[in-house]
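Trainee: Quick check, what structure comes out for this input:
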Amino acid sequence: MNIGEIARRAGVSRSTVSYALTGKRPVSEATKRRIQAVIDELGYRPNAAARALKEGRTRTIGLVIPPASRRLTDMQLGFVASVVDAAAHADLDVLLSPSGGEHDRSFERVVTGRRVDGVILMEIRLEDDRVARLRQSGLPFVGIGHTSHPEEMSWVDVDYERLIASCVHHLADLGHRHIALVNRNAELVAAGYGPGHRAQAGFDRAVAERGLNGVRVCSADDAQAGQTCVERLLAEHRELTAIATINEAAIPGMYRALAGADLAVPARFSIAGVAAQHWAENLHPPLTAADVPAGQMGAHAVELLIQRIADPRAPHRHLLLAPPISLRGTTGPARPRP
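Mentor: Modelled structure (predicted):
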């Protein structure tokens, strides 16, 4: 039960219910009694958001997204949608703000302009200036992702190192000895993008543990780049029989490259990765993947941020998710390439 439902039943606006609960603005006694009657009937208790949003709060949280010039991946869009949905259920609005390059002024306005009560950061780097700026400002914040200093903030993240290692072990169990990692775009990885570096670490570790031959490459985040990347891999590494990837946006192009080389998936070539579940399921064939729970992560991020707003001095909380690999239609026993 939320403020919106109370407002509907009491025949008033959401803001009137909020004012009656917080005392931020005067509300007539008759209206207060009507609202209270609905509250008593429903057994409503103000949630953490209502407790946190006291006098002077904006009832708005900021979501800092990648630059507007970049096309968001399906997984990133899932994070955005889940944060907006979870915020709505907590009676909060969401201000979207890009960051990076020419958008740094927008981020600074979010930090200093008293527009929001707290911030959720996406696309976090191992050393991230935005994290340092937010810590300096004192504005409550949470990450979808974390830096190389996990103790310095609250965050929710996917264990990319473990998941890519699991993909490699799965492929090795099927007999694959020559495996490539197709990472996110080179610029992002060079800038210290956390998932990219953790995927590399997991890949290198698993390849060493299984005594495999591994090669690491980057691809821009689109289908055409994925096709070009895999065409180059196939030409330069004739022994290659499998790919592990975290670049879901490039996967349709990878499929095209393999089809163009007459390498049927999974009969002649295997692919496994980390991707959003509905994206993986809707590929043809469906992708064997660790399914990133974007909706769950966004909801957890909002919950953590509400707690930070309510009590900025509380200990930081961390949630590292490692979903199992869902076996679908893109991995099979290794066979030599023709």
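Trainee: didn't Ser99 look like it was pressed against Arg130?
Mentor: Yes - with contact defined as C-beta atoms under 8 Å, Ser99 reaches Arg130; the gap is 6.1 Å. (C-beta placed from N, C-alpha, C; glycine too.)
Trainee: so what sits against both of these two?
Mentor: Overlap between the contact sets of Ser99 and Arg130, as judged by C-beta atoms under 8 Å, 6 or more residues apart in numbering, is given by 64, 107.
Trainee: With adjacent residues omitted, what lies nearest to Val302?
Mentor: Ala86 (3.9 Å; C-beta to C-beta, 6 or more residues apart in numbering).
Trainee: How far away from the center of its chain is the helix or strand containing the one you found?
Mentor: In this structure, Ala86 sits in helix 74-89 according to DSSP states H and E. In terms of C-alpha atoms, centre = their mean, to the nearest Å, the centre of helix 74-89 is set 9 Å apart from its chain centre.
Trainee: Could you do stretch 138-146 as well?
Mentor: Per C-alpha atoms, centre = their mean, the centroid offset for stretch 138-146 relative to its chain is 13 Å.
Trainee: in it, what's buried?
Mentor: Neighbour counts over stretch 138-146 (16 or more other C-beta atoms under 10 Å) mark 139-146 as buried.
Trainee: hang on, the earlier thing: who are the packing partners of the helix holding Ala86?
Mentor: Using 3 or more C-beta pairs under 8 Å, 6 or more residues apart in numbering; DSSP states H and E, the elements in contact with helix 74-89 are strand 60-65, strand 93-98, strand 270-276, helix 277-282, helix 294-310.
Trainee: now it against strand 270-276, angle please.
Mentor: 20 degrees (axes from the mean of the first three to the mean of the last three C-alpha atoms, to 10 degrees).
Trainee: which residues make contact with stretch 222-231 from outside it?
Mentor: By C-beta under 8 Å, 6+ apart, stretch 222-231 touches 71, 182, 185, 217-219, 243, 247, 249-254, 256-258, 260-261.
Trainee: what comes up buried for it?
Mentor: 222-223, 225-231.
Trainee: With secondary structure, pLDDT and distance to Leu305 as extra columns, can I get those residues in TSV?
Mentor: Output for the buried residues of stretch 222-231, formatted as TSV (DSSP: H, G, I helix; E, B strand; the rest coil; pLDDT from 0 to 100; distance: C-beta to C-beta, whole Å):
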residue	secondary structure	pLDDT	distance to Leu305
Asp222	coil	93	31
Ala223	helix	96	34
Ala225	helix	97	34
Gly226	helix	98	34
Gln227	helix	98	39
Thr228	helix	98	39
Cys229	helix	98	36
Val230	helix	98	39
Glu231	helix	98	43
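Trainee: By mean pLDDT, point me to the weakest helix or strand of this protein.
Mentor: Lowest on mean pLDDT, DSSP states H and E among the helices and strands of the chain sits helix 48-52, with a mean of 46.
Trainee: per-residue pLDDT, the residue nearest to Val302?
Mentor: At Ala86, the model reports a pLDDT of 92.
Trainee: let's number from 744 now, not from 1
Mentor: Understood, numbering begins at 744; the last thing we discussed is Ala829.
Trainee: How much space separates it from Leu1070?
Mentor: 30 Å (C-beta to C-beta, to the nearest Å).
Trainee: before we move on, back to that, what's the ChimeraX syntax to select whichever of the contacts of stretch 965-974 are buried?
Mentor: Command for ChimeraX that selects the buried part of those, burial taken from 16+ other C-beta under 10 Å:
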select :925,928,960,961,962,986,990,992,993,994,995,996,997,999,1000,1001,1004
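Trainee: just checking, which of the contacts of stretch 965-974 belong to strands?
Mentor: Among the contacts of stretch 965-974, the residues falling in strands (DSSP state E) are 925, 960-961, 986.
Trainee: For Ala1042, which non-adjacent residue is spatially closest?
Mentor: Per C-beta to C-beta, 6+ apart, closest to Ala1042 is Ala829, 4.2 Å.
Trainee: Provide a list of residues in contact with that neighbour.
Mentor: 1041-1042, 1044-1046.
Trainee: Between these, which sits nearest Ser1013?
Mentor: Gly1041 (30.9 Å; C-beta to C-beta).
Trainee: Let me know how buried the closest one is, in neighbour terms.
Mentor: When neighbours are counted by other C-beta atoms under 10 Å, Gly1041 registers 25.
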